[in-house]
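[1] Take a look and give me a structure for this.
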Amino acid sequence: MKVYLDNAATTRLDPEVLQHMLPYLTEHFGNPSSIHAHGRPVRSAIEQARKKIASMLNATPAEIFFTSGGTEADNMAIRGSVHSLGVKRIISSPLEHHAVLHTIEHLAQEGLAQLDFVQFDEQGVIDLNHLENLLANGPKTLISLMHGNNEIGNLNDLDTIGHLAHKYGALFHSDTVQTMGHYRFDVRKTPIDFLVGSAHKFHGPKGVGFIFINQSNKINPYIQGGSQERNMRGGTENVYGIVGMAKALELCYQELDEHEKHIKTLKERMISQLRSGIQGVEFNGTSDSLEKSLYTVLSVSLPPHEINEMLLFNLDIQEISASGGSACTSGSNAGSHVIRALNRDQNRAVVRFSFCRNTSAEEVDHACKVLIGLYASQSVGV
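    Model prediction:
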């Protein structure tokens with residue numbers, strides 16, 4: 001049985017999304033910047049997609065800008081805050097995705113912004129008291145803290161952080177790539193300045209995303225060279241990607257509650273089987289809590305063992321696809337910066353299993369059976 005449990009890396013394109021995209025790969029091929037009969041319907045499709053995404057976030061269409069994905073959107077928010085909105089300090093965490101972490105570190109190295117990291121406990125839970133202490137003193141600040149951690153699944157309370165930020169006159173950006181399409185957002189109720197989405201995380205196409213920029217913030221264009229995206233991002237739009245992304249998000253919202261219930265059942269099923277089947281198994285962060293973590297992610301910490309170094313390879317041989325950490329660093333020898341930041345035992349293997357609405361109980365059972373069997377068939381390493 002082939003089992004795909006790496007949905008935090010990317011999800012399967014929904015067939016209905018593909019059908020919605022196909023006309024913009026064939027029949028509607030005009031340039032959306034052209035004002036003739038071939039261009040106008042394409043421009044209309046982009047604006048309809050913008051309105052659709054805005055309505056689902058309770059935003060205005062003028063607050064939605066299309067990008068190549070979550071990484072560009074994060075860069076747009078962070079760099080725009082520094083270059084256009086007078087931000088002199090960024091408060092973040094070592095647990096952030098590299099799209100955020102590398103960007104803020106680069107700005108700090110260039111001397112463009114002071115960088116402060118908020119404290120967190122052994123599970124990676126952010127210390128909100130320390131965050132408020134940091135906010136109480138200092139120059140114009142941007143808080144950049146993700147909603148759901150892509151590796152360990154921890155959820156941050158966007159409402160609480162947003163209220164703290166605005167209480168002290170700070171801006172708030174959240175990387176919501178892992179949670180977009182899995183949770184509902186209301187940008188009129190949540191005090192937030194920037195949030196982002198990447199279509200391939202919620203059964204849309206790769207290579208397209210968006211950023212919400214609160215209408216109270218005006219930043220300069222991120223990419224020069226054209227008047228697209230209301231002069232905010234030069235370059236011909238990825239039309240079929242944009243219409244596919246809007247359709248994918250719409251489909252997620254239609255049955256979001258049912259999908260959440262289904263996936264939580266699967267996650268709970270895997271936790272139970274691994275706890276009973278592998279002595280010494282643990283879970284990183286708060287990922288074993290259905291309420292405190294992103295329900296699509298389970299980060300498993302396995303005891304010291306001879307098989308650990310080849311664990312992902314052995315799972316792959318058994319046709320089980322999972323991740324050893326963030327998929328964006330797959331193939332490197334750097335390991336997980338998140339696990340290192342949590343000071344976890346480096347002799348333990350870490351596997352991230354991530355689920356979606358298409359995942360079945362049979363797939364979870366098979367993955368658990370294989371993983372438990374791998375540990376049962378090997379002697380414990382010294």
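
[2] moving C-terminal of the one helix or strand Gly162 maps to, what's the next helix or strand?
    Using DSSP states H and E, the secondary-structure element containing Gly162 is helix 158-167. Going down the chain from helix 158-167, the next helix or strand is strand 171-174, by DSSP H and E.

[3] Put the alpha carbons of that following strand into PDB.
    What follows is the C-alpha trace of strand 171-174 in PDB, where atoms were taken according to Å, rounded to 0.1, in the frame of the first residue of the first chain:
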ATOM      1  CA  LEU A 171       2.500  45.700  13.600                       C
ATOM      2  CA  PHE A 172       1.600  42.000  13.500                       C
ATOM      3  CA  HIS A 173       2.500  39.600  10.700                       C
ATOM      4  CA  SER A 174       1.700  35.900  10.800                       C
END
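
[4] so for that strand, what's the average pLDDT?
    Confidence over strand 171-174 (mean pLDDT, whole number) is 98.

[5] which residues are contacting it?
    74, 77-78, 81, 85, 87, 141-147, 156, 158, 161-162, 165-166, 191-196, 217 (Cβ atoms under 8 Å, 6 or more residues apart in numbering). Just so you know, the C-beta spots here come from the backbone N, C-alpha and C atoms, and that holds for glycine as well.

[6] same for the top helix by length along the chain, what does it pack against?
    The helix spanning the most residues in the chain, taking DSSP state H as the definition, is helix 256-277. The contact analysis (3 or more Cβ pairs under 8 Å, 6 or more residues apart in numbering; DSSP states H and E) places helix 256-277 against strand 297-302, helix 361-376.

[7] circling back to that earlier point, return the subset of the contacts of strand 171-174 lying in strands.
    Cross-referencing the contacts of strand 171-174 with the strands (criterion: DSSP state E) gives Thr141, Leu142, Ile143, Ser144, Phe194, Leu195, Val196 as the overlap.

[8] what are the bridge partners for the fifth one, then?
    Spelled out, that is Phe194. With DSSP bridges as the criterion, the beta-bridge partners of Phe194 are His173, Ile213.

[9] In contact with it, which residues?
    Remark: with contacts taken as Cβ under 8 Å, 6+ apart, Phe194 is in contact with Ala77, Ser81, Leu171, Phe172, His173, Ser174, Ile211, Phe212, Ile213, Asn214, Asn217.

[10] next one: the fourth one
    Neighbouring residues of Ser144 by Cβ under 8 Å, 6+ apart: Asp74, Ala77, Ile78, Ile90, Ile91, Ser92, Glu96, Val100, Ile104, His173, Ser174, Asp175.

[11] same question, Ser44
    Listed by Cβ under 8 Å, 6+ apart, Ser44 has no contact partners.

[12] tell me which residues in the helix or strand where it lies are buried?
    When secondary structure is defined by DSSP H and E, Ser44 falls within helix 40-57. Applying a neighbour-count criterion of 16 or more other Cβ atoms under 10 Å, the buried positions in helix 40-57 are Val42, Arg43, Ala45, Ile46, Ala49, Arg50, Lys52, Ile53, Ala54, Met56, Leu57.

[13] what mean pLDDT does that helix have?
    Computed over helix 40-57, the average pLDDT equals 97.

[14] before we move on, back to that, out of the ones in strands among the contacts of strand 171-174, grab the one that's most surrounded.
    Val196 (29 neighbours; other Cβ atoms under 10 Å).

[15] Out of the ones in strands among the contacts of strand 171-174, which is nearest to Asp345?
    For Asp345, the closest of the ones in strands among the contacts of strand 171-174 turns out to be Ser144, at 29.0 Å, with distances computed as Cβ to Cβ.

[16] Run through the bridge partners of that closest one.
    Beta-bridge partners recorded for Ser144 (DSSP bridges): His173.

[17] Tell me where the stretch 51-200 of the chain is predicted with low confidence.
    Judged against pLDDT under 70, the stretch 51-200 of the chain has no low-scoring part.

[18] let's see it at 90
    Screening the stretch 51-200 of the chain residue by residue with the criterion pLDDT under 90, one finds the ranges 137-138.

[19] still on that earlier bit, got the contact list for the helix holding Gly162?
    Outside helix 158-167, the residues that reach it (Cβ under 8 Å, 6+ apart) are 126, 128, 131-132, 135, 141, 143, 145, 147, 170-172, 174, 189-193.

[20] Relative to the whole chain's centre, how far out is it?
    Its chain's C-alpha centre and that of helix 158-167 lie 20 Å apart, by Cα atoms, centre = their mean, to the nearest Å.

[21] in that helix, what's buried?
    Residues of helix 158-167 classed as buried under the neighbour-count rule (16+ other Cβ under 10 Å) are Leu158, Ile161, Gly162, Leu164, Ala165.

[22] follow-up on the earlier one: and the furthest pair within the contacts of Ser144?
    The largest distance within the contacts of Ser144, taken as Cβ to Cβ, falls between Asp74 and Ile91 and amounts to 15.2 Å.

[23] Please say which of these two ends up with more neighbours.
    Between Asp74 and Ile91, Asp74 has the larger neighbour count (other Cβ under 10 Å), namely 32 against 24.
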